[in-house]
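**Student:** Provided below for reference: sequence and predicted model.
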Amino acid sequence: MLRLRREILDLLAEAPGEYVSGEMISQKLNVTRAAVWKQIRILKEEGFEIAGQTKKGYCLSQTPLSLNEWVLAKRLAAASLEYEVYLEDELKSTNARARELVQQDGFQRQLVLAKRQSSGRGRLKRQWEAPEGGLWLSVVLQPKISLADAAKITLAASLAVADALEECLSLRVGIKWPNDLLFEELKLVGILGEVVGEWNTVQALILGIGINANFSREVLSSDLTATTLYEILGKHVDLNALTASVLGHLAKQTAALEKQAFQELRSRWLERAAGLGREVRIRQEDRAIQGVFKGITLDGALLLDTEAGEMTFPAGDMMW
Ligand code: BT5
């Protein structure tokens, strides 16, 4: 965003609900009133609601619900979250971009967001549909945990997103192992954790989070058992606020994991777990194992009660 536009927003935001005169803005920023007016017009196109009155000036009444660099920066700062933010209109995949950035610059607390993705990724090279209006982000983390514990981070992430949806939207969702978020059995959120590093050393973790947010379900392929926030709530939600909330909860969860407090995370995860106690099948590559879903172990693996006794699975897909 142009610096002048950001500075105008800063001045308007300093006086919430009040009018700020065009004259004052133009003097403070050392530009003509016509230049101010032009930037205000662009801001309105970007979704800012700014009232203008000839005598009184301009008043910022509403920020955009879609992702916006300035609004997001404000939200992150208000929650004391520091990230190197990269927000693009379109990327192939935010996870792929985050990986490039880590390889190029090292770990810098990068946060990569795209308004849409042209080849979003799921686990095991599966495709992830990511049209305009969704929340598609990747965050680079460097938690002080062992590689063996890395899978717990994705469990922590699913809980963080679930908590954020509850906090921002009063929406209660379930978690389907390992880390899909479901609303009435339909997939609302997908999470993809990837490790950057050499053999045995983790340089960084990239956590990709995809939330079907401000678009209707019809935009996605009809064969997906999916839903969107728009479908559930019937309105658009503030993606900037949601991002800050997700990252805030994620910071809390990863800090807890660093202190080895997995027990509490596990019991909170289990409270939301879909299919607990149910007869399920776990698919791993080309085999499927049947049993009763009993919970998750202290290592974060799925626990299944099968005919051959108890079995644990660090990864896979669950079906019922
Ligand atoms: C996931 O994989 O659920 C992880 C998805 C992670 C997406 C985020 S978006 C930001 C970041 N950048 C990326 O490139 N990726 C991450 P998995 O459990 O393997 O599920 C993939 C399957 O979900 C696909 O094979 C489809 O069946 C289904 N699917 C695809 N797009 C979907 C959508 N938008 N909503 C619901 N289901 C979808």
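**Tutor:** On my side now, so go ahead. Numbering: from 1, shown residues only.
**Student:** Enumerate the residues of the stretch 101-250 of the chain near the ligand.
**Tutor:** 117, 120-124, 126-130, 136-138, 180, 187, 190-192, 208-210, 212, 220, 224, 226 (CB under 6 Å from any ligand atom). Bear in mind the C-beta positions are built from the backbone N, C-alpha and C, glycine included.
**Student:** contacting residues for residue 297?
**Tutor:** 303, 312 (CB atoms under 8 Å, 6 or more residues apart in numbering).
**Student:** still on that earlier bit, narrow the residues of the stretch 101-250 of the chain next to the ligand to just the buried residues.
**Tutor:** Using 16 or more other CB atoms under 10 Å as the burial test, those include 117, 120-121, 123, 128-130, 136-138, 180, 187, 190-192, 208-210, 212, 220, 226 as buried.
**Student:** rewinding a little: mind checking which of the residues of the stretch 101-250 of the chain next to the ligand land in strands?
**Tutor:** Here DSSP state E is the test, and these give 117, 120-121, 127-130, 136-138, 180, 187, 190-192, 208-210 as lying in strands.
**Student:** So in terms of bridging, what pairs with the most centrally placed residue in the chain?
**Tutor:** Geometric centre of the chain, nearest residue: residue 209, 4.6 Å, by CA atoms, centre = their mean. For residue 209, the beta-bridge partners are residue 137, residue 191 (DSSP bridges).
**Student:** That one contacts residue 181, correct?
**Tutor:** No. If you go by CB atoms under 8 Å, residue 209 and residue 181 don't touch, sitting 9.7 Å apart.
**Student:** shared neighbours, those two?
**Tutor:** Joint contacts of residue 209 and residue 181 (CB under 8 Å, 6+ apart) are 161, 189.
**Student:** so residue 51 sits in a strand?
**Tutor:** Yes. Residue 51: assigned to a strand according to DSSP: H, G, I helix; E, B strand; the rest coil.
**Student:** Name all residues that make contact with it.
**Tutor:** 19, 58-59, 61.
**Student:** go on, residue 84?
**Tutor:** Taking CB under 8 Å, 6+ apart, one finds 108-111 in contact with residue 84.
**Student:** the domain parsing of the protein - what is it?
**Tutor:** 2-62, 69-271, 279-319 (automatic domain parsing).
**Student:** The stretch 101-250 of the chain: helices as residue ranges?
**Tutor:** 150-169, 229-233, 239-258 (DSSP state H, counting those that start in this stretch).
**Student:** From the chain's centroid, how far away is the second one?
**Tutor:** Averaging C-alpha positions (CA atoms, centre = their mean, to the nearest Å) puts helix 229-233 17 Å from its chain's average.
**Student:** and for that helix, what are the contacting residues?
**Tutor:** 133, 169, 171, 183, 188, 211-217, 236-237.
**Student:** List the contacts of the residue in the chain that the ligand sits nearest to.
**Tutor:** Residue of the chain nearest the ligand, by CB to the nearest ligand atom: residue 190 (2.3 Å). Going by CB under 8 Å, 6+ apart, residue 190 touches 122, 128, 179-180, 209-210.
**Student:** Out of the contacts of residue 51, who's the most crowded?
**Tutor:** With neighbours defined as other CB atoms under 10 Å, the most crowded of these is residue 58; it has 23 neighbours.
**Student:** Would you reformat the contacts of helix 229-233 as JSON lines and include distance to residue 23 and pLDDT?
**Tutor:** Putting these into JSON lines (distance: CB to CB, whole Å; pLDDT from 0 to 100) gives the following:
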{"residue": "133", "distance to residue 23": "38", "pLDDT": "98"}
{"residue": "169", "distance to residue 23": "41", "pLDDT": "98"}
{"residue": "171", "distance to residue 23": "45", "pLDDT": "98"}
{"residue": "183", "distance to residue 23": "50", "pLDDT": "98"}
{"residue": "188", "distance to residue 23": "48", "pLDDT": "98"}
{"residue": "211", "distance to residue 23": "43", "pLDDT": "99"}
{"residue": "212", "distance to residue 23": "45", "pLDDT": "98"}
{"residue": "213", "distance to residue 23": "40", "pLDDT": "98"}
{"residue": "214", "distance to residue 23": "37", "pLDDT": "98"}
{"residue": "215", "distance to residue 23": "41", "pLDDT": "98"}
{"residue": "216", "distance to residue 23": "44", "pLDDT": "98"}
{"residue": "217", "distance to residue 23": "49", "pLDDT": "98"}
{"residue": "236", "distance to residue 23": "35", "pLDDT": "98"}
{"residue": "237", "distance to residue 23": "37", "pLDDT": "98"}
